[in-house]
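[1] Coordinates only, no sequence provided:
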């Protein structure tokens with residue numbers, strides 16, 4: 001008897017429905033075809049033990065299983081439950097009338113229990129798109145799948161529950177989640193707040209400007225000056241995720257297996273901080289079986305590179321294309337996948353190998369050592385970072401001051417007003433905020449009066465600013481003007497923007 005049952009395969013951050021055809025006929029043997037990997041081929045041993053332990057068995061006949069489309073590679077152990085139910089239906093051990101109404105996925109334990117899976121959200125979205133009535137999967141994944149409306153989500157602990165559902169009509173427990181309520185309840189939860197940062201008012205202002213315009217930022221300062229503390233609090237002042245962005249972000253984390261069992265939807269912008277020993281593949285994604293890298297896990301959020309010069313140069317250079325295109329393409333001989341990678345880059349670094357500025361008595365680095373240290377960061381990479389800000393160590397009086405600083409909520413309100421101005425300005429364009437402006441937009445929206453033009457000219461000549469700093473200064477000045485709700489850019493906006501180009505000065509490039 002031939003039976004068709006449906007599963008799903010992940011390709012990039014999307015899913016594709018897989019038709020699993022199971023035929024039980026006269027003869028002996030177990031044949032699995034359709035470009036399945038080793039984990040799927042090993043499923044016969046797990047299925048045999050699981051069925052025996054719940055009172056069923058593999059039929060002593062010829063079992064042929066085809067996974068279509070046959071030219072698409074299938075990976076992992078998530079098809080155990082699908083194949084097992086298909087074999088039982090094809091051998092008349094259970095009824096098969098309603099099998100085609102559901103996507104059925106799950107990894108079997110030897111006792112018939114089910115293990116959680118990766119990539120459930122895109123699978124559920126695809127199931128709804130293709131008109132399936134529901135999805136049956138391990139109970140640990142139900143909250144994640146249930147955020148998809150108009151799809152019945154059933155979680156099970158053991159294959160026996162699925163058998164009884166089809167064979168005896170025994171109901172399964174359905175999981176229902178109010179997605180919008182879940183989203184709204186958690187959208188403003190942040191573990192860190194800017195009010196906890198002592199001193200560093202200049203750096204806090206720079207972080208506000210970066211958040212308001214979507215600018216990449218690098219913080220330069222000695223050890224213990226609060227660089228990491230500032231970076232961790234950046235998500236708390238960024239605009240809240242929209243529901244669409246939350247679903248995009250959750251899909252990526254789902255495919256990567258980074259969702260917790262009790263998490264249904266990511267409601268705050270991600271903050272990723274990889275260690276400096278990370279490989280280029282782990283950062284941008286890839287591998288024999290491609291997976292999203294850290295830059296994709298930071299999509300719609302923040303990627304923090306602590307002590308940036310300590311990262312391998314090859315690792316840093318692979319970020320250049322994703323920083324411009326806001327996506328990364330992983331190509332293999334037979335296929336390619338695209339992962340979104342629209343993130344804010346926040347980096348930190350010491351000003352020298354010893355960790356201190358040249359005028360600090362603790363600095364023991366020579367000019368040559370400092371220059372070699374700085375040369376680890378290439379010009380093209382720094383060209384993609386709009387704001388460079390220096391921070392000094394915090395004085396004792398500020399450190400022991402009991403007064404709280406400005407809260408993240410207050411700063412966020414100004415950021416939101418600035419973003420609203422940018423949304424209105426670029427409503428007919430393909431960009432969303434100032435950091436994405438190209439030469440045409442800069443020429444149109446960053447016009448300067450004579451005083452401002454003279455100021456930036458003097459800065460270029462006297463401070464030794466590089467030519468690439470010119471456009472960055474204009475972009476940042478436009479953001480500062482937006483924070484102050486100013487239609488035009490004036491000399492005070494230009495002056496502040498010039499302060500945020502530390503690494504372009506002759507002091508660093510001598």
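    Now that the structure is in, tell me what you want to look at. Predicted, not measured: the structure shown is a model, and the values here were computed from it.
[2] Sketch out the helices for the stretch 401-510 of the chain, chain order is fine.
    408-425, 439-445, 450-462, 469-483, 491-499, 506-509 (DSSP state H, counting those that start in this stretch).
[3] Give the residue spans of the stretch 201-350 of the chain that score low on pLDDT.
    261-262 (pLDDT under 70).
[4] Do a quick rundown of the helices in it.
    201-213, 227-232, 243-255, 280-284, 294-297, 313-317, 320-325.
[5] Looking at those helices, spot the one closest to residue 16.
    Set against residue 16 and scored by CB to CB, the helices of the stretch 201-350 of the chain come closest in helix 243-255, at 12.9 Å. For every residue, glycine as well, the C-beta is placed using N, CA and C.
[6] What lies in contact with the closest one?
    10, 12-13, 118-122, 125, 144, 147, 179-180, 183, 241, 259, 265-267, 269-270, 291-292, 296-297, 299-301, 339-340 (CB atoms under 8 Å, 6 or more residues apart in numbering).
[7] just the helices of the stretch 201-350 of the chain: most buried one?
    Highest mean neighbour count of the helices of the stretch 201-350 of the chain: helix 294-297, a mean of 26 (counted as mean count of other CB atoms under 10 Å).
[8] helices or strands next to that helix in the packing?
    helix 243-255, helix 280-284 (3 or more CB pairs under 8 Å, 6 or more residues apart in numbering; DSSP states H and E).
[9] If we use 10 Å, what do you get?
    helix 243-255, strand 271-272, helix 280-284, strand 285-286, strand 302-305, helix 320-325, strand 327-331, strand 336-340 (3 or more CB pairs under 10 Å, 6 or more residues apart in numbering; DSSP states H and E).
[10] List the contacts of it.
    Here helix 294-297 makes contact (CB atoms under 10 Å, 6 or more residues apart in numbering) with 12-13, 249, 252-253, 255-256, 258, 270-274, 278, 282-285, 291, 303-305, 318-319, 322-323, 326-328, 330, 338-343, 345.
[11] Report the buried members of those residues.
    Using 16 or more other CB atoms under 10 Å as the burial test, the contacts of helix 294-297 include 12-13, 249, 252-253, 255-256, 258, 270-272, 274, 282-285, 291, 303-305, 318-319, 322-323, 328, 330, 338-343, 345 as buried.
[12] in the protein, what spans have low per-residue confidence?
    In the chain, residues with pLDDT under 70: 261-262, 467, 505-510.
[13] Which residue would you name as the spatial centre of it?
    By CA atoms, centre = their mean, the mean C-alpha position of the chain lies nearest to residue 297, the distance being 2.3 Å.
[14] what's the single longest strand in this structure?
    strand 14-25 (DSSP state E).
[15] Buried residues, it. List them.
    Per 16+ other CB under 10 Å, strand 14-25 contains these buried residues: 14-15, 17-18, 20-24.
[16] Which strands and helices lie in contact with the very next helix or strand once past that strand?
    Downstream of strand 14-25, the next assigned helix or strand under DSSP states H and E is strand 29-33. Under the contact definition 3+ CB pairs under 10 Å, 6+ apart, strand 29-33 sits against strand 14-25, helix 38-41, helix 43-53, strand 62-68.
[17] Quick one, which of those gets closest to residue 375.
    strand 14-25 (41.1 Å).
[18] coming back round to it: of all the helices and strands packed on helix 294-297, which one comes closest to residue 362?
    Closest among those, once you apply CB to CB, is strand 302-305, at 24.1 Å.
[19] mind giving me the domain split of the protein?
    2-177, 185-428, 437-510 (automatic domain parsing).
[20] Switch the buried residues of strand 14-25 over to CSV; also include distance to residue 444.
    Formatted as CSV, these follow (distance: CB to CB, whole Å):
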residue, distance to residue 444
14, 36
15, 41
17, 46
18, 50
20, 56
21, 59
22, 62
23, 65
24, 69
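[21] What is the nearest of the residues you listed to residue 426?
    For those, the nearest to residue 426 is residue 14 (27.8 Å; CB to CB).
[22] residue contacts, the closest one?
    119, 122-123, 125-126, 251, 255, 337-338.
[23] of all the residues you listed, which two lie farthest apart?
    Among the contacts of residue 14, 123 and 338 lie farthest apart (CB to CB), at 18.4 Å.
[24] quick revisit: could you redo the helices and strands packed on strand 29-33 as CSV and give each row distance to residue 458?
    Below are the helices and strands packed on strand 29-33 laid out as CSV (distance: least, CB to CB, whole Å):
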stretch, distance to residue 458
strand 14-25, 52
helix 38-41, 65
helix 43-53, 71
strand 62-68, 69
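[25] Which of these sits closest to residue 217?
    Closest among these, using CB to CB: strand 14-25, at 32.2 Å.
[26] what angle sits between that closest one and strand 62-68?
    Inter-element angle recorded for strand 14-25 and strand 62-68: 160 degrees (by axes from the mean of the first three to the mean of the last three CA atoms, to 10 degrees).
[27] Walk me through which strands strand 14-25 pairs with, and which way each runs.
    Counting by DSSP bridges, the strands paired with strand 14-25 are strand 2-11 (antiparallel), strand 62-68 (antiparallel).
[28] List just the one of these that sits closest to residue 139.
    strand 2-11 (17.8 Å).
[29] Flag every buried residue along that closest one.
    3-10.
[30] Go through those residues and say which is closest to residue 74.
    Taking the buried residues of strand 2-11 together and measuring to residue 74 by CB to CB, the closest member is residue 9, at 5.4 Å.
[31] want to try a markdown table for the helices of the stretch 201-350 of the chain, with distance to residue 31 as columns?
    Listed next are the helices of the stretch 201-350 of the chain as a markdown table, based on distance: least, CB to CB, whole Å:
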| stretch | distance to residue 31 |
| --- | --- |
| helix 201-213 | 58 |
| helix 227-232 | 54 |
| helix 243-255 | 30 |
| helix 280-284 | 35 |
| helix 294-297 | 37 |
| helix 313-317 | 45 |
| helix 320-325 | 43 |
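[32] which one of the ones you listed lies closest to residue 193?
    Across the helices of the stretch 201-350 of the chain, closest to residue 193 is helix 227-232 (CB to CB), at 10.2 Å.
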